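Visitor: everything below, folded, please.
(chains A and B)
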Protein chains: 2
Amino acid sequence: MGLVVVKVGGSAGINYEALAKDAAALWKSGQKLLLLHGGSSETNQIAEALGHPPQFLTHPGGMTSRLTDRRTLEIFEMVYCGLVNKRLVELLQRQGVNAVGLSGLDGRILEGRRKDAVKYVENGKIKIHRGDFTGSVERVNQGLLQTLLDSGYLPVLTPPAVSYEGEAINTDGDTAAAKVATVFQAEALLLLSNVPGLLAHFPDESSLIREIPASRVGAPEYMGVAQGRMKKKVLGAVEAVQGGVGRVIFGDARGEEPISTALKGSGTVVH
Amino acid sequence: MGLVVVKVGGSAGINYEALAKDAAALWKSGQKLLLLHGGSSETNQIAEALGHPPQFLTHPGGMTSRLTDRRTLEIFEMVYCGLVNKRLVELLQRQGVNAVGLSGLDGRILEGRRKDAVKYVENGKIKIHRGDFTGSVERVNQGLLQTLLDSGYLPVLTPPAVSYEGEAINTDGDTAAAKVATVFQAEALLLLSNVPGLLAHFPDESSLIREIPASRVGAPEYMGVAQGRMKKKVLGAVEAVQGGVGRVIFGDARGEEPISTALKGSGTVVH
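Guide: Got it, this is the predicted structure:
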């Protein structure tokens, strides 16, 4: 069996216990896994509680991203690397799986270019925010991850990534997961969140798109409905499939057995 | 050269930049290092800010420890594994050292027995606090640490440890560091904090004890002055030396080149 890369989002409603239980059952049956996770919802809560509320920038293309100044980066690391990462590692350890939690900083596992200056739109005008700790993953330290997998450890990865200069950088988890899956030529990449998959009419869960053939992604029934963040998700999935990943599945992380369920073809399958 | 294990405390006043710079210079000269760190002072601050102020239990022997309920454990993980661990890893990465930050949960690196029921003294009476997530390190996953060292990575370790049942447990950093140093038969174990070393008359820095021969630790000039936490530190150091660690040095982490300075014999040397 090939590797399955599972990325679980950081929105409210994620069932971490069920995720760890399912991962443990699969792992013990011999399925090699690599987990990545987010933490945005809890980061927002902690940031509010610490008096440094989250701020988001809207980019010229319509996408939004978290403004990541130094203090935000610290809070981000507390939640992603401390709270959520160790929660998942502990849940897996309690299930008897020897998990190892690592950020992209550790061993330069997720490396990329820092984007210090970020364009954003305010009152219809394009402005530039400088000093941001953000960027995109361009390289993966596959050697370290392979060593861990070969030694029987289940890696649990989290942003931040590391810049070429060694700075911590906030990075998009879905894109990082796709990069990892592509480097490993994974059998499947699962992108689990708090919706059943890609929805043609968000948040109407009955409008779930069941499959997207990568070769036909440009067709109106797929991209005609995909806006903003969803469009980026679809294009990222197509890129992963074209890069050699077996399947990309957008699935639900709120219920029991979220990994097994997605692997059976629930959610949206890009193939 | 043998391995040097450096534990840097979590009190106020630690110069993390200087520590990372010094560690990087030594590492690049071929000195193998393994770092551990604390985070108690910043944990107290964040716990206060999040409305869950720290509570400490005084044990029948006079020692104190942090009451670690589930919420405290989460805050502890945020600060130790998120804020402080990633700060150190990032500072090392910026110096060109490929550091890997791990808690004792990860890969079961620091494993021990959970002490669920903790005796404490209140109004002169001995009481029992139940449901604590605390314990002491009894086993070290040397294999994983050795693999990392052999592959050129500098491990940066932090509590919590993991119980035999897979739960996260708050654990004493000095004791964990001594355990790691003993397992590796380290050349030296450095315990760095915000004082120059062991002080006969705390906080009078001019009362620094320069050396303690392990064979004479019971002599009145050493243990006569050692009370509570300091006594535990001295006995822990003696145990490490008797267990095969070359030297244990209590040194200062507030100034420049804290590791090199301690290795030159500043502070208190137990040999």
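Visitor: and the closest residue to A:Q31 other than its chain neighbours, how many neighbours?
Guide: Once flanking residues are discounted, A:Q31 sits nearest to A:M1: 5.6 Å by C-beta to C-beta, 6 or more residues apart in numbering or on different chains. Where you see a C-beta, it was placed from the backbone N, CA and C, and this is true even at glycine. A:M1: 9 surrounding residues under other C-beta atoms under 10 Å in any protein chain shown.
Visitor: quick one: pLDDT of A:M1?
Guide: Looking at A:M1, its pLDDT reads 71.
Visitor: got the residue ranges for the helices in chain A?
Guide: A:16-28, A:40-49, A:70-77, A:85-94, A:142-150, A:173-183, A:220-223, A:228-242, A:258-263 (DSSP state H).
Visitor: just the CA trace of the fourth one, in CSV.
Guide: If I follow you right, that is helix A:85-94. Below are the C-alpha coordinates for helix A:85-94, written out as CSV (Å, rounded to 0.1, in the frame of the first residue of the first chain):
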residue,chain,number,x,y,z
ASN,A,85,-0.3,19.3,17.3
LYS,A,86,0.2,17.9,20.8
ARG,A,87,-3.5,17.1,21.1
LEU,A,88,-3.4,15.0,18.0
VAL,A,89,-0.1,13.3,19.0
GLU,A,90,-1.4,12.5,22.4
LEU,A,91,-4.7,11.1,21.0
LEU,A,92,-2.6,8.9,18.7
GLN,A,93,-0.3,7.8,21.6
ARG,A,94,-3.3,6.9,23.6
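Visitor: run the angle between it and helix B:70-77 for me.
Guide: 120 degrees (axes from the mean of the first three to the mean of the last three C-alpha atoms, to 10 degrees).
Visitor: residues making contact with helix A:85-94?
Guide: A:16-17, A:19-21, A:23-24, A:35, A:37, A:98-101, A:103, A:154, A:156, A:158, B:74, B:77, B:81, B:103, B:105-106, B:108, B:160, B:162, B:165-168 (C-beta atoms under 8 Å, 6 or more residues apart in numbering or on different chains).
Visitor: out of the residues you listed, which are buried?
Guide: With burial judged by 16 or more other C-beta atoms under 10 Å in any protein chain shown, the buried subset of the contacts of helix A:85-94 is A:16, A:19-21, A:23-24, A:35, A:37, A:98-101, A:103, A:154, A:156, A:158, B:74, B:77, B:81, B:103, B:105-106, B:108, B:160, B:162, B:166-168.
Visitor: residues from the stretch 51-200 of chain A in reach of chain B?
Guide: With C-beta under 8 Å from any C-beta of the partner chain as the criterion, the stretch 51-200 of chain A meets chain B at residues A:51, A:74, A:77-83, A:85-87, A:89-90, A:93-96, A:98-103, A:105-108, A:143-144, A:147, A:151, A:153, A:160, A:162, A:165-168.
Visitor: surely A:Y164 touches A:R113?
Guide: Yes. Judged on C-beta atoms under 8 Å, A:Y164 makes contact with A:R113 at a distance of 6.4 Å.
Visitor: follow-up on the earlier one: mean pLDDT lowest for which of the helices of chain A?
Guide: Taking the mean pLDDT of these, helix A:220-223 comes last: a mean of 70.
Visitor: what packs against that one?
Guide: Other helices and strands packing on helix A:220-223, by 3 or more C-beta pairs under 8 Å, 6 or more residues apart in numbering or on different chains; DSSP states H and E, are helix A:228-242.
Visitor: can you list the helices and strands that the helix it packs on packs against?
Guide: Short answer (3+ C-beta pairs under 8 Å, 6+ apart): helix A:228-242 packs on helix A:173-183, strand A:188-193, strand A:211-212, helix A:220-223, strand A:247-252, strand A:268-270.
Visitor: just list the residues touching A:L67, thanks.
Guide: A:54-57, A:118, A:129, A:132.
Visitor: in those residues, find the pair that's most separated.
Guide: Farthest pair in the contacts of A:L67 (C-beta to C-beta) is A:P54 and A:V118. Separation: 15.0 Å.
Visitor: partners of A:S103 in the sheet?
Guide: Per DSSP bridges, the residues bridged to A:S103 are A:T158.
Visitor: the residue in the stretch 151-271 of chain A that chain B sits nearest to: what's it in contact with?
Guide: The nearest approach of the stretch 151-271 of chain A to chain B comes at A:G166, 3.6 Å away (C-beta to the nearest C-beta). By C-beta under 8 Å, 6+ apart, A:G166 lies in contact with B:90, B:93-96.
Visitor: the same query, at a cut-off of 7 Å, please.
Guide: By C-beta atoms under 7 Å, 6 or more residues apart in numbering or on different chains, A:G166 lies in contact with B:90, B:93-94.
Visitor: what backbone torsions are found at it?
Guide: A:G166 adopts backbone torsions of phi 90, psi 10, taken as degrees, to the nearest 10.
Visitor: what about it, distance to B:L91?
Guide: Separation of A:G166 from B:L91 (C-beta to C-beta, to the nearest Å) stands at 8 Å.
Visitor: what's around the residue in chain A positioned nearest to chain B, how many residues?
Guide: Per C-beta to the nearest C-beta, A:G82 is where chain A lies closest to chain B, at 2.8 Å. Residues lying near A:G82 (other C-beta under 10 Å) number 30.
Visitor: do you know how far it is from A:K21?
Guide: 22 Å.
Visitor: now swap in A:V241 and tell me
Guide: Taken as C-beta to C-beta, the span from A:V241 to A:K21 is 29 Å.
Visitor: next: A:P160.
Guide: Distance, A:P160 to A:K21, by C-beta to C-beta: 28 Å.
Visitor: equivalent analysis for A:K233, please.
Guide: 26 Å.
Visitor: swap in A:L189?
Guide: According to C-beta to C-beta, A:L189 and A:K21 sit 21 Å apart.
Visitor: also A:L148?
Guide: Counting by C-beta to C-beta, the gap from A:L148 to A:K21 is 21 Å.
Visitor: ok, A:I126 next?
Guide: In this view, A:I126 and A:K21 are 47 Å apart by C-beta to C-beta.
Visitor: now swap in A:Y164 and tell me
Guide: 39 Å.
Visitor: skipping its backbone neighbours, what lies nearest A:G143 in space?
Guide: Spatially, and ignoring its direct neighbours in sequence, A:G143 is nearest to B:S151 (7.8 Å; C-beta to C-beta, 6+ apart).
Visitor: confidence score at the one you found?
Guide: So, for B:S151, pLDDT stands at 97.
Visitor: got the phi/psi numbers for it?
Guide: Backbone geometry at B:S151, expressed as degrees, to the nearest 10, gives phi -90, psi 0.
Visitor: number of nearby residues for it?
Guide: B:S151 is flanked by 13 other residues according to other C-beta under 10 Å.
Visitor: then the one 10 residues further on?
Guide: By other C-beta under 10 Å, 32 other residues sit near B:A161.
Visitor: quick check: it touching B:E111?
Guide: Yes. Look at B:A161 against B:E111 with C-beta atoms under 7 Å: they come within range, at 6.4 Å.
Visitor: quick check: neighbours shared by those two?
Guide: Taking C-beta under 7 Å, 6+ apart as the criterion, B:A161 and B:E111 both touch B:V137.
Visitor: wait, doesn't A:V79 sit right on A:T43?
Guide: Yes. Using C-beta under 7 Å, A:V79 is in contact with A:T43, at 4.4 Å.
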